[in-house]
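A.B. asks: how does the following fold in three dimensions:
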Amino acid sequence: MGSHVMLNVRNKYAADREKALANGIKEVVAELRLVDVTDYVAFLRMDQFGNIADIVESSAQLYLAPGSLRFAGGGDVHLNWGSVPTIDLDMEFHGGEVTVHFKLTLTATKAAVHINYIAFADPDTDPAANTERLKAAIAAARLVTARNA
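C.D. replies: Prediction:
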């Protein structure tokens with residue numbers, strides 16, 4: 001496949017890439033937040049990752065091309081007395097010649113994307129060009145109904 005570029009967390013392009021990915025999957029995230037938090041807690045604590053994969057797949061099917069967004073088989077629950085539950089899901093985005101591994105954090109009122117790793121086939125030496133390639137891959141993965149939303 002091509003070479004891989006490790007994303008430096010201090011890279012000034014990281015925030016732009018995370019924002020682009022978050023905007024590209026916002027409808028899917030809204031669907032994921034319709035699932036009761038206790039289901040996520042149970043599935044993550046009992047290692048029933050197939051159930052989460054099914055939820056992600058069914059949530060993505062109306063908005064993204066098949067296989068472009070999937071659960072990566074891991075996650076975490078932050079649940080303490082007196083605090084808002086937080087669910088972290090390990091996710092993958094595959095679009096054309098771009099692969100992104102990221103953490104999706106869900107709470108009752110917000111969601112966040114944190115990119116852990118990104119790979120471009122034949123990466124450009126200009127990071128801004130690679131960011132544009134990511135944005136193009138996200139746009140290409142979005143179904144027509146999602147683009148009009």
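A.B. asks: which residues touch the spatially closest residue to Thr86 that is not a sequence neighbour?
C.D. replies: The shortest distance from Thr86 to any non-neighbouring residue, by Cβ to Cβ, 6 or more residues apart in numbering, is to His78 (4.0 Å). Where C-beta positions appear, they are placed from N, C-alpha and C, glycine not excepted. Shown in contact with His78 (Cβ atoms under 8 Å, 6 or more residues apart in numbering): Pro85, Thr86, Ile87, Asp88.
A.B. asks: now do the third one, the pLDDT please.
C.D. replies: Reading off the per-residue confidence, Ile87 sits at a pLDDT of 97.
A.B. asks: what's downstream of the strand or helix carrying it, the next helix or strand?
C.D. replies: Under the criterion of DSSP states H and E, Ile87 resides in strand 86-95. Sequence-wise, the next helix or strand downstream of strand 86-95 (DSSP H and E) is strand 98-106.
A.B. asks: tell me the centre residue of the protein?
C.D. replies: Met91 (4.9 Å; Cα atoms, centre = their mean).
A.B. asks: most neighbours among the contacts of His78, which one is it?
C.D. replies: Ile87 (24 neighbours; other Cβ atoms under 10 Å).
A.B. asks: distance of that residue relative to Gly73?
C.D. replies: 15 Å (Cβ to Cβ, to the nearest Å).
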